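>>> can't give you the sequence, but here's the structure:
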């Protein structure tokens, strides 16, 4: 796929413009997005991604068009799974809902930068070392096994956010205030410049995005090796993620089998990468360094498998939720129960949180992981 430099320039400029528009229009004035606002903008960003894919289909043909859509759907699905972690982070730090947009958008911008770097490195490595597909394939199969072993995704609701090494280092190095100061990342207290908990949350989101890229980049290279398609599929999957977060927060716990669907997709792509590695084999200890005549998975089959896996996952999740609701009603006849009980360990993000509320004002008996003292050891440092 031969993409002229001016097409790259126009694409990058368009993506940067959309992120800048979000900063100026949606984030400049802190507010809590309504369901209608989140739904409209989520649909708009998905529509832009689909129109772009149709453009690729018309201009470059069905093969590249199929590769783009397969990559976009996979990356979007992985992004939805990542929202579980974002919910845990926001709840753990008791971030007021009106400030969450700014943190998410900056985190998404950082994620795009990280992934662009990874894509450039991956492209250079693949161009010179075809054996890297063996490593990518084995890594994705291992990741698929970990996803499947993790079990139902509703277990996320009962977990506390586990701080990674980057966040732990930031907490030790950065002097932090005990409470939020509007949507500011730093503030002066007694003449001394301190960072606010909002900056710590942004570091948590950004470092989580960096870890997510480790999974997503090998997955997208398993579907297409075209740098332009890899970049655009990643970029469009991240654009609109902020709106999607506010739209489906509270519905995430209903996708109880999402992990199994993602595990199947990652495993499938891992096998596809191993087959491709054998087909392009240059390792002397495998078939004498000659290419191995194996069947390679066509693009249309990859796209079909991804769509079917996600469809089955969604249908089974909805059926499981109905059975759970029916069992709950049977246990307490006549009780007016919601179809999905709120998690015992986290509230809906931002619910009941006061503007600029201090972290120390959270009651001592607050549930762990929702801003309580049990889930924030050392947070006031």
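Now that the structure is in, tell me what you want to look at. These figures come from a predicted structure and were not determined experimentally.

>>> what segments of the stretch 51-200 of the chain are helices?
62-92, 97-128, 132-150, 165-173, 197-221 (DSSP state H, counting those that start in this stretch).

>>> need the contact list for the most centrally placed residue in the chain.
In the chain, the centroid-proximal residue (CA atoms, centre = their mean) is residue 79; its distance is 2.8 Å. Listed by CB atoms under 8 Å, 6 or more residues apart in numbering, the contact partners of residue 79 are 212, 237-238, 241, 244. Yep, even glycine has a C-beta here, placed from its N, CA and C like the rest.

>>> now, which of these sits nearest residue 67?
In terms of CB to CB, no member of the contacts of residue 79 lies closer to residue 67 than residue 237, at 14.1 Å.

>>> what's the pLDDT at residue 66?
Turning to residue 66, the model gives it a pLDDT of 93.

>>> neighbours of it, just the number please.
When neighbours are counted by other CB atoms under 10 Å, residue 66 registers 22.

>>> the residue most distant from the middle of the chain, which is it?
Outermost in the chain, CA atoms, centre = their mean: residue 288 at 41.0 Å.

>>> check the contacts of residue 79 and tell me the two furthest apart.
212 and 244 (14.8 Å).

>>> higher neighbour count, the two?
Neighbour count, other CB under 10 Å: between residue 212 and residue 244, residue 244 has more, with 21 against 18.

>>> that one contacts residue 83, doesn't it?
Yes. Counting by CB atoms under 8 Å, residue 244 does reach residue 83; the two are 7.1 Å apart.

>>> lowest confidence element among the helices and strands of the protein?
Scoring the helices and strands of the chain by mean pLDDT, DSSP states H and E places helix 165-173 at the bottom, with a mean of 68.

>>> residue ranges with poor pLDDT in this structure?
By pLDDT under 70, the low-scoring segments of the chain are 26-31, 151-167, 170-171, 249-253, 332-381.

>>> which stretches of the stretch 151-300 of the chain form strands?
Counting by DSSP state E, counting those that start in this stretch, one finds strands in the stretch 151-300 of the chain at the ranges 186-189, 192-195.

>>> now those strands in TSV, with mean neighbour count and distance to residue 323?
Shown next, in TSV, are the strands of the stretch 151-300 of the chain (neighbours: other CB atoms under 10 Å; distance: least, CB to CB, whole Å):
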stretch	mean neighbour count	distance to residue 323
strand 186-189	13	50
strand 192-195	13	47
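
>>> for the ones you listed, give me JSON lines that also has distance to residue 49.
Formatted as JSON lines, these follow (distance: least, CB to CB, whole Å):
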{"stretch": "strand 186-189", "distance to residue 49": "35"}
{"stretch": "strand 192-195", "distance to residue 49": "35"}
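
>>> quick one: contacts for the residue nearest to residue 274 when sequence neighbours are not counted?
In space, and not counting its chain neighbours, residue 274 is closest to residue 137: 3.8 Å by CB to CB, 6 or more residues apart in numbering. By CB under 8 Å, 6+ apart, the contact set of residue 137 is 222, 270-274, 276-277.

>>> mind doing that once more with 7 Å?
Residue 137 sits next to 270-271, 273-274, 277 when contact means CB atoms under 7 Å, 6 or more residues apart in numbering.

>>> who wins for neighbours among those?
residue 273 (26 neighbours).

>>> which residue is the nearest non-sequential neighbour of residue 63?
Once flanking residues are discounted, residue 63 sits nearest to residue 299: 5.7 Å by CB to CB, 6+ apart.

>>> and the gap between that neighbour and residue 243?
Distance, residue 299 to residue 243, by CB to CB, to the nearest Å: 29 Å.

>>> the more surrounded of these two?
Using other CB under 10 Å as the criterion, residue 299 and residue 243 rank with residue 243 on top: 24 against 18.

>>> what's near enough to touch the more buried one?
Applying CB under 7 Å, 6+ apart to residue 243 gives the contacts 38, 41-42, 45.

>>> redo that, cut-off 8 Å
The contact partners of residue 243, by CB under 8 Å, 6+ apart, come to 33, 37-39, 41-42, 45.

>>> if we can go back for a sec, test my guess that the residue nearest to residue 63 contacts residue 70.
Yes. In this structure, residue 299 is within contact of residue 70 by CB under 8 Å, at 6.5 Å.

>>> what is in contact with the two at once?
Common neighbours of residue 299 and residue 70 are listed as residue 223 (criterion: CB under 8 Å, 6+ apart).

>>> quick check: residue 276 vs residue 69, distance?
Taking CB to CB, one finds residue 276 at 19 Å from residue 69.

>>> now residue 305
The spacing between residue 305 and residue 69, counted by CB to CB, is 13 Å.

>>> who has more neighbours, the two?
When residue 305 and residue 69 are compared on other CB under 10 Å, the one with more neighbours turns out to be residue 69, at 24 against 17.

>>> ok now do the more buried one, which residues does it touch?
By CB under 8 Å, 6+ apart, residue 69 lies in contact with 53, 303.
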